[in-house]
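**Q** pasting the sequence and the predicted coordinates here, then a few questions.
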Amino acid sequence: MDGIDLDIRPGERVLLLGPSGAGKSTLLSALAGVLGGADEGEQHGELTIDGREPDPAHGRVGLVLQDPESQVIMARVGDDVAFGCENLGIEREEIWHRVGEALDAVGLDLALDRSTAALSGGQKQRLALAGVLAMRPGLLLLDEPTANLDPDGVLEVRDSVSRVLEATGATLVVVEHRVDVWLPVVDRVIVLSPEGGVIADGDPDAVLVDHGETLAASGVWVPGREAWSPERFARPGEALLTADSLSVGRAGTVVRSEIDLELREGVATALSGANGSGKTTLALTLAGLLPSVAGEVAASDALRAGIGPHPYRWKSRDLLTRIGMVFQEPEHQFLASTVRSELEVGPKAQRLPEPEVRDRVDQLLQRLRLEHLAEANPFTLSGGEKRRLSVATALATRPRLLVLDEPTFGQDARTWREQVALLAELLDEGSAVLFATHDRVFVEALADQEVSL
């Protein structure tokens, strides 16, 4: 991120756009005063909030991070929302009044003593927003705050933010790839360039009309230009995995029951449903990473190729070419110190020849626009880049069945299309794909069947 000149006035509501990797999240971290000191990077120019350097201790700025998992601090819901207020020295009675108010605002109807570890990704996203709203900051910074929410939750959270802004007069800067969600709320759009500087800045309608083609070409989701579906050539083949009267859950608690499902060669299956409906739990169970509570998950002869029928009992090496998993939190599957070596982990574990490993990795780096990051540490990437890398690590082993949890999170329009194209190719080669998602455009572009939980 370089060469940015901006003056954001009190009370403005700004939508910050730009291609994946343009520096949107970095700018929000800088505004919040949590970017780090000189020992963590270089900084040029000046950045001030209310005329002075950003300082998170003042409580004037509230930041909701792109990854809600990294913002959950306490073991219980109520304590987590109260944490920021307690650090600001607010009176106890006032804190708990704000906690209840903030949870209501984001539509999180949970007991205050509910374990934060038991929440779904979307619930954690609402929890993180509630914790920031409870602090009542003068500047509210939101980094893709609705990315893991179901459609109703997206509108509920957006409208709750709008009500808070109306009541407090706070300033808003929100990062979101899907422009149409926030257009009813914002009064200014700023578009960052990946080469540095600002592509466009001004009234939302004017920016989208005057710069629509340029923005779409750079990867911005311009309303009215989203529709796209890949050509598909494969026909459904034999069943690879079957769930029969399946019940899924964690720690003995059943989340969903009586699930009958068949995953076939060349068929893409979408799992949809509200936050907390069990999509992730079902995906992990089908991928062989969680045991079923009741019923059975059985692999066909074609998928198991000489080993036992139940994926949960397979060793990790057995899963490599049979079932690939892309977790909701990309960091949970990173093992290596560079992007290139991360992509090499799976193929090398398969003992593939070095030239084939190199060829697979090079192709994925190019197609998912990660070439310039080949030697970077995976944990230093942007949220969208981490998501593409996590998908690429699974694609590198070319599994017969690929299971993905929210695979399009954080993607601009270009990287979204390339990811869809890669998955379409995998399907055409005879693999099966299962994905849990709230992305309706993704479902319409790729899914052959949909299971709504």
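**A** Received it, and whenever you're ready, just let me know what you need.
**Q** quick check, pLDDT for the residue lying farthest from the centre of the chain.
**A** The centre of the chain is farthest from one residue, Gly306, which by CA atoms, centre = their mean lies 36.1 Å away. On pLDDT, Gly306 comes in at 88.
**Q** how about Ala117?
**A** For Ala117, the pLDDT comes out at 87.
**Q** burial count for the residue nearest to it when sequence neighbours are not counted?
**A** Nearest residue to Ala117, sequence neighbours excluded (CB to CB, 6 or more residues apart in numbering): Ala75, at 7.2 Å. For every residue, glycine as well, the C-beta is placed using N, CA and C. Other residues within reach of Ala75, judged by other CB atoms under 10 Å, total 12.
**Q** just to revisit the earlier point, what sits against the residue farthest from the centre of the chain?
**A** By CB atoms under 8 Å, 6 or more residues apart in numbering, no residues touch Gly306.
**Q** give me the secondary structure label for it.
**A** Recorded secondary structure, Gly306: coil (DSSP: H, G, I helix; E, B strand; the rest coil).
**Q** hang on, isn't Val222 packed against Gly212?
**A** Yes: contact criterion CB atoms under 8 Å: Val222 and Gly212 qualify, at 5.2 Å.
**Q** compare the two (neighbour count), which wins?
**A** The residue with more neighbours, out of Val222 and Gly212, is Val222; 22 against 16, by other CB under 10 Å.
**Q** now the more buried one. Nearest residue, chain neighbours left out?
**A** Closest to Val222 by CB to CB, 6+ apart is Ala216, at 4.6 Å.
**Q** try Glu342
**A** If the residues on either side of it in the chain are set aside, Glu342 comes closest to Ala336, at 4.2 Å by CB to CB, 6+ apart.
**Q** which residues of the chain score low on pLDDT?
**A** Scanning the chain with the threshold set as pLDDT under 70 gives 1-2, 36-42, 56-57, 226-227.
**Q** all strands of it, in order?
**A** For the chain, the strands defined by DSSP state E cover 13-17, 61-64, 139-143, 171-175, 188-192, 198-202, 239-250, 253-264, 268-272, 294-299, 323-326, 401-405, 432-436, 449-452.
**Q** tell me the strands beside the fifth one, with direction?
**A** Read it as strand 188-192. Note on strand 188-192: by DSSP bridges, its sheet partners are strand 13-17 (parallel), strand 198-202 (antiparallel).
**Q** looking at these, spot the one closest to Asp180.
**A** strand 13-17 (10.5 Å; CB to CB).
**Q** ok and the closest one relative to strand 171-175, angle-wise?
**A** The directions of strand 13-17 and strand 171-175 differ by 20 degrees, with axes from the mean of the first three to the mean of the last three CA atoms, to 10 degrees as the criterion.
**Q** quick one: residues contacting the residue nearest to Ala117.
**A** Per CB under 8 Å, 6+ apart, neighbours of Ala75: Ser115, Thr116, Ala117.
**Q** may I ask which of those has the most neighbours?
**A** Most neighbours among the contacts of Ala75, by other CB under 10 Å: Thr116, with 20 neighbours.
**Q** surely that residue and Pro68 touch.
**A** No: using CB under 8 Å, Thr116 is not in contact with Pro68; the gap is 10.2 Å.
**Q** overlap in contacts of those two?
**A** Taking CB under 8 Å, 6+ apart as the contact rule, Thr116 and Pro68 both touch Lys124, Leu127.
**Q** what residues of the longest helix seen in the chain count as buried?
**A** Longest helix in the chain by number of residues (criterion: DSSP state H): helix 151-168. Residues of helix 151-168 classed as buried by neighbour count (16 or more other CB atoms under 10 Å): Gly153, Val154, Glu156, Val157, Arg158, Ser160, Val161, Ser162, Val164, Leu165.
**Q** so how far is Leu271 from Gln328?
**A** According to CB to CB, to the nearest Å, Gln328 and Leu271 sit 12 Å apart.
**Q** mutual contacts of the two, please.
**A** Shared contacts of Gln328 and Leu271 (CB under 8 Å, 6+ apart): Ala436.
**Q** how about the contacts made by the residue nearest to Val222?
**A** Contacts of Ala216 were listed using CB under 8 Å, 6+ apart, and they are Val222, Arg225, Ala413.
**Q** among those residues, name the ones in helices.
**A** Among those, DSSP H puts Ala413 in helices.
**Q** could you export the contacts of Ala216 as a markdown table, including distance to Arg178?
**A** Compiled in a markdown table, the contacts of Ala216 are given as follows (distance: CB to CB, whole Å):
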| residue | distance to Arg178 |
| --- | --- |
| Val222 | 10 |
| Arg225 | 12 |
| Ala413 | 10 |
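**Q** for Pro194, state which of the contacts of Ala216 is nearest.
**A** Distance to Pro194 across the contacts of Ala216 (CB to CB) is lowest for Ala413, with 13.8 Å.
**Q** surely the closest one and Gly219 touch.
**A** Yes: taking CB under 8 Å as the definition, Ala413 is a contact partner of Gly219 at 5.0 Å.
**Q** what sits against Asp67?
**A** Contact analysis of Asp67 by CB under 8 Å, 6+ apart lists Glu329, Glu331, Gly383.
**Q** measure how buried Arg250 is and give me the count.
**A** 17.
**Q** how about the nearest residue to it, chain neighbours excluded?
**A** With sequence-adjacent residues excluded and distances taken as CB to CB, 6+ apart, Arg250 is closest to Thr281, at 6.2 Å.
**Q** how about Arg76?
**A** With sequence-adjacent residues excluded and distances taken as CB to CB, 6+ apart, Arg76 is closest to Asp113, at 5.1 Å.
**Q** let me see the domain layout of the chain.
**A** For the chain, automatic domain parsing gives the domain ranges 13-218, 239-452.
**Q** chain center to the longest one, what's the gap?
**A** If you compare the mean C-alpha spot of domain 239-452 with that of the full chain, they lie 14 Å apart, counting by CA atoms, centre = their mean, to the nearest Å.
**Q** same check on stretch 172-182?
**A** How far stretch 172-182 lies from its chain's middle: 14 Å, per CA atoms, centre = their mean.
**Q** hang on, Thr393 packs against Gln333?
**A** Yes: using CB under 8 Å, Thr393 is in contact with Gln333, at 6.4 Å.
**Q** mind listing what Tyr312 touches?
**A** Thr285, Gly288, Leu289, Leu290, Pro291, Ser292, Val297.
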